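Engineer: Show me how the following folds:
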Amino acid sequence: MGFTVFPLPSANRSAGPLTPKTRLYSGSAKYYALVMYEDEDGYKPPPHPAEWKLLLACLLPGLAGLAGLFASPDGANRYSLGSLGVMAASVLIYASGVSLLRRSGTFDSSVRWLTRMGGYVVIAGAGVALISAFTSDKPAGADAVYAGLWLLAGAGAVYYGYYYRVNTGILELLGPLGFRLADSGPFGRDGKYDVRGEWKGVTTLVNVNQAYPQKGGGACFSLEICCELKNWSGRRLLLQPKGFLSRSLGLPLFIPSAQAPGWEAYGVYGEPPEAAGGMLTSIEAEARAASSPEGFSYLLVEKGRLRLGCSGDGYPARGYVKRRLDLAASAAVKRL
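Structural biologist: A predicted model of the protein is given here:
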């Protein structure tokens with residue numbers, strides 16, 4: 001089994017509509033289409049023949065690090081932390097090697113995934129060190145402090161790798177529509193978003209989180225479209241399914257509750273509260289269509305941007321994403 005990589009035409013970096021087995025990947029100067037192979041979990045790069053050699057090369061030092069961790073003195077010390085570092089390095093080298101062998105995604109995407117995996121390893125090791133510090137005969141003292149700091153560092157790495165991960169697969173859908181990979185990351189212009197482009201004359205960012213099928217559950221996704229507002233008045237609005245527990249992670253918690261005639265079935269929040277009804281009236285057609293039962297999560301207006309969130313089972317189809325792009329861009333040009 002193999003795969004084929006070929007450069008797309010440099011004039012527009014798009015070869016038109018892509019087949020379901022083709023993905024776009026970015027390089028330093030070109031975009032590439034990578035022919036994928038189908039399996040029950042979707043479309044993924046095929047295994048590389050050299051992967052088993054890489055696994056063996058990383059497994060031996062990883063097991064040595066595990067043995068060293070059990071043999072080291074109790075508590076967080078140079079021996080336990082060094083063994084933990086060898087284990088983490090083995091995992092990261094293997095994962096990065098697989099990523100390079102399969103050419104799966106961008107460099108930033110691989111680094112963030114590796115950071116998240118490394119964070120899990122650090123959390124596990126710090127937890128072991130913390131337990132050892134409190135169960136040993138010696139006072140916990142500095143060992144517990146060091147282990148706690150490592151625990152926080154691992155949690156930060158997991159958050160960074162998860163929140164800022166790049167879903168390069170979204171280029172399957174939006175690459176032919178003029179979207180390109182965003183400048184994502186904590187210091188990037190586009191934050192958590194995967195791709196940036198112009199849609200109906202509106203600067204638009206898109207973020208997709210895709211969960212693939214696992215035992216006992218199917219694939220599902222969450223989609224967020226963010227449009228820069230043309231005429232923002234400084235007011236805030238949040239529309240979501242009714243109930244505080246329906247609020248998606250990352251949404252503001254302290255927008256005052258508001259009343260809006262005709263929207264009693266939804267949770268409506270506004271700042272100032274009396275402005276919510278007028279804002280919803282301005283974009284009523286778009287808000288009604290967006291809040292249909294087809295996976296609506298929220299509509300948020302704040303900080304000069306309109307964010308539309310939705311979710312569903314399976315994988316987002318191009319027509320599904322285009323309909324929501326149309327709704328968000330149409331609402332973004334209204335006065336809000």
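Engineer: from here on, contacts and neighbour counts on C-alpha atoms
Structural biologist: Will do.
Engineer: For residue 261, grab the count of nearby residues.
Structural biologist: Look at residue 261: counted by other C-alpha atoms under 10 Å, it has 10 neighbours.
Engineer: show me the contacts for it.
Structural biologist: residue 277 (C-alpha atoms under 8 Å, 6 or more residues apart in numbering).
Engineer: pretty sure it is in a helix, no?
Structural biologist: No. Read with DSSP: H, G, I helix; E, B strand; the rest coil, residue 261 is coil and lies in no helix.
Engineer: how much space between it and residue 118?
Structural biologist: Separation of residue 261 from residue 118 (C-alpha to C-alpha, to the nearest Å): 50 Å.
Engineer: so which strand or helix has residue 165?
Structural biologist: If you go by DSSP states H and E, residue 165 is not part of any helix or strand.
Engineer: Phi, psi for it please.
Structural biologist: Main-chain dihedrals, residue 165, degrees, to the nearest 10: phi -70, psi 150.
Engineer: Kindly state the domain boundaries assigned to the chain.
Structural biologist: For the chain, the structural domains run 5-38, 51-163, 179-332, going by automatic domain parsing.
Engineer: so which of the ones you listed comes closest to residue 172?
Structural biologist: Smallest distance to residue 172 across the domains of the chain (C-alpha to C-alpha): 5.2 Å, for domain 5-38.
Engineer: so residue 130 makes contact with residue 148?
Structural biologist: Yes. Using C-alpha atoms under 8 Å, residue 130 is in contact with residue 148, at 7.0 Å.
Engineer: Those two: who's more crowded?
Structural biologist: Counted by other C-alpha under 10 Å, residue 130 and residue 148 do not tie: residue 130 has more neighbours, with 23 against 18.
Engineer: Lowest mean pLDDT across the domains of the chain, which one is that?
Structural biologist: When mean pLDDT is averaged over each of these, domain 5-38 scores lowest at a mean of 36.
Engineer: which parts of the host helix or strand of residue 209 are buried?
Structural biologist: Element membership of residue 209 [criterion: DSSP H and E] is strand 202-211. Under the neighbour-count criterion of 16 or more other C-alpha atoms under 10 Å, strand 202-211 has 202, 203, 204, 205, 206, 207, 208, 209, 210 buried.
Engineer: farthest-separated two in those residues?
Structural biologist: Once C-alpha to C-alpha is applied, the buried residues of strand 202-211 give 202 and 210 as the farthest pair, at 25.1 Å.
Engineer: so after the helix or strand harbouring residue 52, what's the next helix or strand?
Structural biologist: Counting by DSSP H and E, the element that carries residue 52 is helix 51-71. Next along the chain after helix 51-71, taking DSSP H and E as the criterion, comes helix 78-102.
Engineer: Next, the angle from the one helix or strand residue 322 maps to to strand 202-211.
Structural biologist: Using DSSP H and E, the element containing residue 322 is helix 318-332. Relative orientation of helix 318-332 and strand 202-211, computed by axes from the mean of the first three to the mean of the last three C-alpha atoms, to 10 degrees: 140 degrees.
Engineer: which outside residues touch helix 318-332?
Structural biologist: Taking C-alpha under 8 Å, 6+ apart as the rule, helix 318-332 contacts 173-174, 199-200, 202, 204, 225-231, 283, 286-287, 289-290, 305-308.
Engineer: in that helix, what's buried?
Structural biologist: Going by 16+ other C-alpha under 10 Å, helix 318-332 has these buried residues: 321, 324, 325, 327, 328, 329, 330, 331, 332.
Engineer: Need the max-distance pair from these.
Structural biologist: Maximum distance among those (C-alpha to C-alpha): 16.3 Å, for 321 and 332.
Engineer: quick one on the thing from earlier: output the helix holding residue 52 as PDB - backbone C-alpha positions only.
Structural biologist: The C-alpha coordinates for helix 51-71 follow below in PDB (Å, rounded to 0.1, in the frame of the first residue of the first chain):
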ATOM      1  CA  GLU A  51       6.800   2.400  11.200                       C
ATOM      2  CA  TRP A  52       7.500  -0.900  13.000                       C
ATOM      3  CA  LYS A  53      11.200  -0.100  13.000                       C
ATOM      4  CA  LEU A  54      10.500   3.300  14.500                       C
ATOM      5  CA  LEU A  55       8.300   1.600  17.100                       C
ATOM      6  CA  LEU A  56      11.000  -0.900  18.100                       C
ATOM      7  CA  ALA A  57      13.600   1.900  18.300                       C
ATOM      8  CA  CYS A  58      11.400   3.900  20.600                       C
ATOM      9  CA  LEU A  59      10.000   1.100  22.600                       C
ATOM     10  CA  LEU A  60      13.300  -0.100  24.100                       C
ATOM     11  CA  PRO A  61      14.300   3.200  25.700                       C
ATOM     12  CA  GLY A  62      10.700   3.800  26.800                       C
ATOM     13  CA  LEU A  63      10.700   0.500  28.700                       C
ATOM     14  CA  ALA A  64      14.200   1.300  30.100                       C
ATOM     15  CA  GLY A  65      12.800   4.600  31.400                       C
ATOM     16  CA  LEU A  66       9.800   2.800  32.900                       C
ATOM     17  CA  ALA A  67      12.100   0.400  34.700                       C
ATOM     18  CA  GLY A  68      14.300   3.300  35.900                       C
ATOM     19  CA  LEU A  69      11.200   5.000  37.300                       C
ATOM     20  CA  PHE A  70      10.300   2.000  39.400                       C
ATOM     21  CA  ALA A  71      13.900   1.500  40.500                       C
END
